[in-house]
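Chemist: Just need the structure, nothing else, for what follows:
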Amino acid sequence: MEKKVKLAVIGCGQRGMALLHTLSALPDVEIIAVSDLYQDRMAEASERIYNTKGNRPLQIVDYEEVLKLDDLEVVIVSSSWENHIDVAIGAMKAKKTVGMEVGGVYTVEECWQLIRAYEETKTPFMFLENCCYDKQELMALRMVRDGLFGKVVHCSGAYGHDLREEVTGGAENRHYRLRNYLNRNAENYPTHELGPIAKILDINRGNRMLTLVSVSSKSFGMEAYVEERKETINSNLLGCDFAQGDIVTTIITCAGGETILLKLDTSLPRFYDRELVLRGTKGMYLTSPNIVFLDGVHPEEYWTGIENTEKLFNNATEYEDKYLPDFWKNITPEQRDLGHGGMDYFMMRAFIDAYKKGEEMPIDVYDAASWMVITVLSEESIALGGHPVTIPDFTRGKWLIRERKDVI
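Modeler: The predicted structure follows:
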């Protein structure tokens, strides 16, 4: 019988429970402990594990006690933004392999602490950015690697997600986004769009991000949402001034000469979209509305009017046979049900497989630090009226010699 990886989940809120759903379907994983500040969350997590895996994990409030478990091998860190760095560092120092959930940071020093902990302990660490494993992002990566778009010059992406209900329900749901939206103005969730772009542009492996400029709109959306629902919403939010701007725009320059445009758009009415766009010397890719446009392949008249452009809508499906990874072509209904249409499953499978094989993690600690730091640097740039801010080189120059490592 195959040996099971003994794992603990620290942080059993909304994201922690979603990852438990994914992990519970992996036959080579045994969840031996869960940890959270709230007993009801731990009890719910324990019940879910019992119903799916047949064992009842330990319920331990203090995560430091979890890290003392002798048979524990792997820790999933899915706690709030404010403390996931501390938990990850503690786990690395305890020699427990770390899978850390995404989010921003509050200081540059936090990122350096994470880097130092990894370099001192050499404990395997993976940043759990699931969007790097989604269908369109992986297709884009493979098309770029094949040279389909020529030299990539510019990429853009967004976290476009109406979070007004989630944010205003923060007190009742014990969700950290509320206190952040009330008190900070930043690109607070950059990695969903930046992660896939950074892999495409070989960030930290032959390229690096140099500077950023961030600007923000006023926060009208949250205040309007609260006012319109004042009869049913938490009364403590009435009259509150939300610091977080409705639209935050960030422009990043890279050592290779490329530019990256990020947009945070979470407090106005909208549909979900990450709006990935690649622009290269031979063509472009727009994930919405799923268009590949290639110089010399698609005639220029397609761009002379919207009625012609519409003929290209969803033509990217014609490239799936060549560029879509086999595991996406063969995805099962069960895998689709394991989080975000399947990308949570593929991400977690890659993490566990890399651990078991002793391989380099596909999204490493240098990726984590350089992607998360965008939050605190954008906060600084916004406060300075859009002043350029330098992005640290967390590799300390090794980006020049580090070999490419794609997520698959």
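Chemist: Centre of the chain to the top helix by length along the chain, how far?
Modeler: If you go by DSSP state H, the chain has its longest helix at helix 365-383. Put simply, helix 365-383 sits 13 Å off its chain's centre (C-alpha atoms, centre = their mean, to the nearest Å).
Chemist: ok, then the element right after the helix or strand where residue 86 lies?
Modeler: If you go by DSSP states H and E, residue 86 is part of helix 84-93. Remark: after helix 84-93, the chain's next helix or strand is strand 97-100, criterion DSSP H and E.
Chemist: Now the helix holding residue 86: buried residues?
Modeler: Using 16 or more other C-beta atoms under 10 Å as the test for burial, helix 84-93 gives 84-92. C-beta: built from backbone N, CA, C; applies to glycine.
Chemist: helices or strands up against the longest helix of the chain?
Modeler: helix 108-121, strand 125-127, helix 191-200, strand 209-216, strand 247-254, strand 389-390 (3 or more C-beta pairs under 8 Å, 6 or more residues apart in numbering; DSSP states H and E).
Chemist: rewinding a little: which other residues reach the helix holding residue 86?
Modeler: Contact partners of helix 84-93, identified using C-beta atoms under 8 Å, 6 or more residues apart in numbering, comprise 10-11, 63-64, 67, 75, 77-79, 97-98, 100-101, 103, 105, 110-111, 113-114, 117-118, 121, 123, 125.
Chemist: Any of those buried? List them.
Modeler: Buried subset of the contacts of helix 84-93 (neighbour count, 16+ other C-beta under 10 Å): 10-11, 63, 67, 75, 77-79, 97-98, 100-101, 103, 105, 110-111, 113-114, 117-118, 121, 123, 125.
Chemist: about what we covered before: report the angle between the longest helix of the chain and helix 84-93.
Modeler: Taking axes from the mean of the first three to the mean of the last three C-alpha atoms, to 10 degrees, one finds helix 365-383 and helix 84-93 inclined to each other by 160 degrees.
Chemist: gap between residue 54 and residue 4?
Modeler: When distance is defined by C-beta to C-beta, to the nearest Å, residue 54 is 12 Å away from residue 4.
Chemist: returning to that earlier point: could you dump the helices and strands packed on helix 365-383 to JSON lines with mean pLDDT and distance to residue 344?
Modeler: Listed next are these as JSON lines, based on pLDDT from 0 to 100; distance: least, C-beta to C-beta, whole Å:
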{"stretch": "helix 108-121", "mean pLDDT": "98", "distance to residue 344": "23"}
{"stretch": "strand 125-127", "mean pLDDT": "98", "distance to residue 344": "13"}
{"stretch": "helix 191-200", "mean pLDDT": "98", "distance to residue 344": "13"}
{"stretch": "strand 209-216", "mean pLDDT": "98", "distance to residue 344": "26"}
{"stretch": "strand 247-254", "mean pLDDT": "98", "distance to residue 344": "26"}
{"stretch": "strand 389-390", "mean pLDDT": "98", "distance to residue 344": "32"}
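Chemist: how about the ones you listed in CSV, adding distance to residue 264?
Modeler: Compiled in CSV, the helices and strands packed on helix 365-383 are given as follows (distance: least, C-beta to C-beta, whole Å):
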stretch, distance to residue 264
helix 108-121, 19
strand 125-127, 19
helix 191-200, 9
strand 209-216, 9
strand 247-254, 4
strand 389-390, 16
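Chemist: so which of these comes closest to residue 178?
Modeler: Closest approach to residue 178 among the helices and strands packed on helix 365-383 is made by strand 247-254 (17.5 Å; C-beta to C-beta).
Chemist: Sheet-wise, list the partners of the closest one with their directions.
Modeler: Paired strands of strand 247-254, with direction, are strand 209-216 (antiparallel), strand 259-265 (antiparallel) (DSSP bridges).
Chemist: out of the helices and strands packed on helix 365-383, which comes closest to residue 291?
Modeler: Nearest to residue 291 among the helices and strands packed on helix 365-383 is helix 191-200 (17.1 Å), distances taken as C-beta to C-beta.
Chemist: now the closest one against strand 247-254, angle please.
Modeler: Relative orientation of helix 191-200 versus strand 247-254 (the same axes, to 10 degrees): 20 degrees.
Chemist: ok, residue 277 touching residue 283?
Modeler: No: between residue 277 and residue 283 there is no contact under C-beta atoms under 8 Å: 11.7 Å.
Chemist: Once you drop chain neighbours, what's closest to residue 280?
Modeler: Leaving aside its sequence neighbours, residue 280 sits nearest to residue 149 (C-beta to C-beta, 6 or more residues apart in numbering; 3.1 Å).
Chemist: on that earlier part again, okay if I get the strands paired with strand 247-254 as JSON lines plus mean neighbour count and distance to residue 384?
Modeler: Converted to JSON lines, those look like this (neighbours: other C-beta atoms under 10 Å; distance: least, C-beta to C-beta, whole Å):
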{"stretch": "strand 209-216", "mean neighbour count": "20", "distance to residue 384": "9"}
{"stretch": "strand 259-265", "mean neighbour count": "21", "distance to residue 384": "18"}
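Chemist: Minimum distance to residue 157: which of those strands has it?
Modeler: Residue 157 lies closest, by C-beta to C-beta, to one member of the strands paired with strand 247-254: strand 259-265, at 6.2 Å.
Chemist: who touches both of residue 277 and residue 283?
Modeler: Counting by C-beta under 8 Å, 6+ apart, nothing touches both residue 277 and residue 283.
Chemist: Which pLDDT value belongs to the closest residue in space to residue 275 that isn't next to it in sequence?
Modeler: Distance criterion C-beta to C-beta, 6+ apart; nearest residue to residue 275, sequence neighbours excluded, is residue 158 at 4.0 Å. For residue 158, the model assigns a pLDDT of 98.
Chemist: for the one helix or strand residue 158 maps to, packing partners?
Modeler: If you go by DSSP H and E, residue 158 is part of strand 152-160. Secondary-structure packing of strand 152-160 (3+ C-beta pairs under 8 Å, 6+ apart): helix 191-200, strand 259-265, strand 277-280.
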